[in-house]
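Trainee: Can you look at this prediction? I've put the sequence above it.
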Amino acid sequence: MIVFKKHDLDSAPEEARPFLENSQKNMGRIPGLHGVMAESPQVIEGYQKLHQLVLDSSFDNDEKTVVWQTINVENACHYCVPAHTGIAKMMKVSDDITNALRDETPLPSDKLEALRIFTLAVMHKQGNVSQDDLGAFLAAGYKNRQVLEVILVLAQKVMSNYINHIADTPLDEPVKKYAWSKSQ
């Protein structure tokens, strides 16, 4: 079995250490995903830059959570669903939203449900969404900017979800209580 090392500040390549230091400073710890990503300084740098761009996007915390978790759940990411459950709690996202996303049940607002449906359309159709898909999303109150920002979040989540699948990243202690697996 091929094992991916979860780096810390001592074992990480020199070029990756500033990004792990950033994780330590901002989160009080180095998440397992970041430790795995540190094997490639370019990957952890790219991921952290994408993450900051997502945080700076026009989406509010509920909307960020909807896009993140829709992608995490659809990709059945054993690591990111619990991690983003914890993040959602820190961001004061309601448990109604979090539970609906984890359980794949309707969201408590039509606008957030339209965001989930559009995010899934972008994923399933690999960006080849129809005019009907776009029209329904825009009719829900979103703009062209948010169409593009869904793709920004998707780029970030492709990195984390795929790396977690390949590396089988173990859950971090603080989010073990949110462990999740996709219902079949």
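Mentor: Thanks, I have the structure now. What you are looking at is a predicted structure, and each value in this text was computed from that prediction instead of being measured. Numbering: from 1, shown residues only.
Trainee: Longest helix in this structure, please.
Mentor: Assignment by DSSP state H gives helix 144-167 as the longest helix of the chain.
Trainee: which residues sit against it?
Mentor: With contact meaning CB atoms under 8 Å, 6 or more residues apart in numbering, helix 144-167 is reached by 4, 33, 36-37, 43, 46-47, 50-51, 53-54, 57-59, 63-64, 67-68, 71-72, 75, 77-80, 115, 118-119, 122-123, 127, 134, 137-138, 169. C-betas here are computed from N, CA, C, even on glycine.
Trainee: Check stretch 172-184 too.
Mentor: 29, 31-32, 73, 76, 78, 81-83, 85-86, 102-104, 171.
Trainee: residues in contact with stretch 27-35?
Mentor: Against stretch 27-35 from outside (CB under 8 Å, 6+ apart): 5-9, 12, 19-20, 23-24, 44, 47, 79-80, 83, 160, 163-164, 169-172, 174.
Trainee: now do stretch 75-89
Mentor: Contacts for stretch 75-89 (CB under 8 Å, 6+ apart): 31-33, 61, 65, 68-69, 72-73, 97-98, 102, 157, 160-162, 164-165, 169-172, 174-176, 178-182.
Trainee: With stretch 10-23 instead?
Mentor: 5, 7-9, 29-31, 34-35, 37-41, 44-45, 48.
Trainee: Buried among the contacts of stretch 27-35? Make that a PyMOL selection.
Mentor: Here is the PyMOL command that selects the buried residues among the contacts of stretch 27-35 (16 or more other CB atoms under 10 Å):
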select buried, resi 6+7+12+19+20+23+44+47+79+80+83+160+163+164+169+171+172
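Trainee: okay, which residue is most central for the protein?
Mentor: residue 68 (4.0 Å; CA atoms, centre = their mean).
Trainee: Tell me the secondary structure of that residue, please.
Mentor: helix (DSSP: H, G, I helix; E, B strand; the rest coil).
Trainee: What score does the residue nearest to it when sequence neighbours are not counted have for pLDDT?
Mentor: In this structure, residue 68 finds its nearest non-sequential neighbour in residue 84, 5.0 Å apart by CB to CB, 6 or more residues apart in numbering. In this prediction, residue 84 carries a pLDDT score of 98.
Trainee: Count the neighbours of residue 84 for me.
Mentor: For residue 84, the count of nearby residues is 28 (other CB atoms under 10 Å).
Trainee: cool, the one 10 residues further on as well?
Mentor: By the criterion of other CB under 10 Å, residue 94 has 13 neighbours.
Trainee: these two touch, right, it and residue 112?
Mentor: No: in this structure residue 94 lies outside contact range of residue 112 using CB atoms under 8 Å: 10.4 Å.
Trainee: On the three-state scheme, residue 43 is what?
Mentor: helix.
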